[in-house]
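Novice: Sequence and predicted structure are below.
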Amino acid sequence: MRPSSADDVLDLMDVSFHSAALGAALELGLFWLLDEQPLDAEQVSQELTIPLKRCHYWLQLLGQIGLIEEGPSGYQLSSTARAGILEAYSRETWGLLAEEARDRLPGLRDLSTCLREPDSAWETLRLKPRMYLAEMEKDPEVARRFARMLYEIHQPLAEELADFLDLSGVERLMDLGGGSGVVSLALLRRHPELSATVVDLANVCNAGREIAAESSLAERITYHPANFLQDQLPTGFDLALECDVNVYSEALFRQVRKSLRRGGRFVIVDEFAPADEIAPPSRLHWAFEGSMIDPDFSFPTSATVRAFLEKAGFQILSERSLPPLAAVAARFDRDLTVIDSRTD
């Protein structure tokens, strides 16, 4: 919403109520409950154990933004909610996305005061941001939910990359930080001669193996448990791929180079900052949140990543924009870049 009047500005300040109401509906499973049958406020109150008057107002907020509609038999899903929520992702994925959004909100509390803090706003508020990487290392269930969520969300991107990438002569692929293996699995479907190794945390690898076992490709994909910022990487690959991971350094790229056969390629796919201190459009909220934790936080430009590659001994072959796929453009509005490089 772009405000054009004082009323619009006032409405914009109230958006947080609608956002919180939507997040709660996703986490509590309201939309899937109403998909079974229409329910009135009292029935919803009983099913979800919410105080009745509070439930009335909550449902009215959701109706105000067009996600549910009240009819003779009670509240039911709108066509918007059915197409944009139920037919897009699973209940588990939406629940995790809503949970993540809720976890980020405390760091924006008292923003008019914290915005001026020279250090971490979270520390000023005596709060700690949620550290998903550490949680996934310790908790298999967190890793499983996270891997499943990204597997669903990255399906369109994986198929687009399978169409876009030239894998001529590539027999062994290393998917760095590949999580569930969603991109590798799409590439394996397109290239019968290819095998893939996904490198990620041990608990994430276990979740990926479960997903791969649900396909006919389990024999052609392996999962190598490692923290690639600390551990040695496997070797002997024709191509290394880092897709939507956003972890870049000269030291890491030198390790990747050791993993490749002579003349091997390293392909990076990500949405980079258009310029220093300018956030990628779809990652603006992430950039702002990151800056509230670390005032010097920023997303890298493609020029920064290319410089790391060259210092690590790679020759840049090309840098191209990934053509937008309708599903990707509609859901993510992302301008993705593919940097293709080769060992000297």
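Specialist: Looks like it arrived, so ask away.

Novice: Just the pLDDT for A327.
Specialist: pLDDT, A327: 45.

Novice: again but with F332, I slipped
Specialist: Confidence at F332, expressed as pLDDT, is 50.

Novice: Repeat that for R2.
Specialist: The model's pLDDT for R2 equals 79.

Novice: what's the answer for the one 5 residues further on, then?
Specialist: The per-residue pLDDT reported for D7 equals 86.

Novice: Checking my notes, it in a strand, right?
Specialist: No. D7 is assigned helix when assessed by DSSP: H, G, I helix; E, B strand; the rest coil, not a strand.

Novice: got the residue ranges for the strands in this protein?
Specialist: Secondary structure of the chain (DSSP state E): strands at 68-71, 74-77, 172-176, 195-200, 221-225, 237-243, 260-270, 314-321, 337-343.

Novice: As TSV, those strands with distance to Q37 would be great.
Specialist: From N, CA and C alone the C-beta is placed, and that goes for glycine too. Rendered in TSV, the data for the strands of the chain read as follows (distance: least, CB to CB, whole Å):
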stretch	distance to Q37
strand 68-71	12
strand 74-77	8
strand 172-176	43
strand 195-200	41
strand 221-225	41
strand 237-243	41
strand 260-270	43
strand 314-321	46
strand 337-343	47
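
Novice: Compare those strands and report which one is nearest to T49.
Specialist: strand 74-77 (16.8 Å; CB to CB).

Novice: I'd like to know which elements the closest one is packed against.
Specialist: helix 30-36, helix 41-48, strand 68-71 (3 or more CB pairs under 8 Å, 6 or more residues apart in numbering; DSSP states H and E).

Novice: Of all the ones you listed, which one is nearest G263?
Specialist: Closest to G263 of the helices and strands packed on strand 74-77 is helix 30-36 (CB to CB; 51.1 Å).

Novice: Name the surrounding residues that touch that closest one.
Specialist: The contact list for helix 30-36 (CB atoms under 8 Å, 6 or more residues apart in numbering) reads 24-25, 39, 44, 47-48, 62, 67-68, 75-77, 81-82, 85-86, 91.

Novice: And for stretch 11-27?
Specialist: Contacts for stretch 11-27 (CB under 8 Å, 6+ apart): 1, 3, 30-31, 58, 61-62, 64-65, 67, 85, 94-95, 97-99, 101-102.

Novice: List only those of the contacts of helix 30-36 flagged as buried.
Specialist: Among these, the ones that count as buried by 16 or more other CB atoms under 10 Å are 24-25, 39, 44, 48, 62, 67-68, 75-77, 81-82, 85-86, 91.

Novice: List the residues that contact the residue nearest the centre of the chain.
Specialist: Centroid-nearest residue in the chain, with CA atoms, centre = their mean: L150, separated by 6.0 Å. By CB under 8 Å, 6+ apart, the residues touching L150 are G179, S180, V182.

Novice: pretty sure the second one contacts F146?
Specialist: Translated: S180. No. Counting by CB atoms under 8 Å, S180 stays clear of F146, with 9.0 Å between them.

Novice: shared neighbours of those two, anything?
Specialist: With CB under 8 Å, 6+ apart, S180 and F146 have common neighbours V204, A207.

Novice: which residues of the stretch 201-344 of the chain score low on pLDDT?
Specialist: For the stretch 201-344 of the chain, the stretches with pLDDT under 70 are 325-333.

Novice: rerun at 50
Specialist: In the predicted model of the stretch 201-344 of the chain, residues 326-331 satisfy pLDDT under 50.

Novice: what are the ranges of the helices in it?
Specialist: Counting by DSSP state H, counting those that start in this stretch, the stretch 201-344 of the chain has helices at residues 202-213, 250-259, 284-293, 302-311, 326-332.

Novice: Indicate which one of those helices is closest to P156.
Specialist: Closest among those, using CB to CB: helix 326-332, at 3.9 Å.

Novice: mind giving me the domain ranges of this protein?
Specialist: 6-88, 138-343 (automatic domain parsing).
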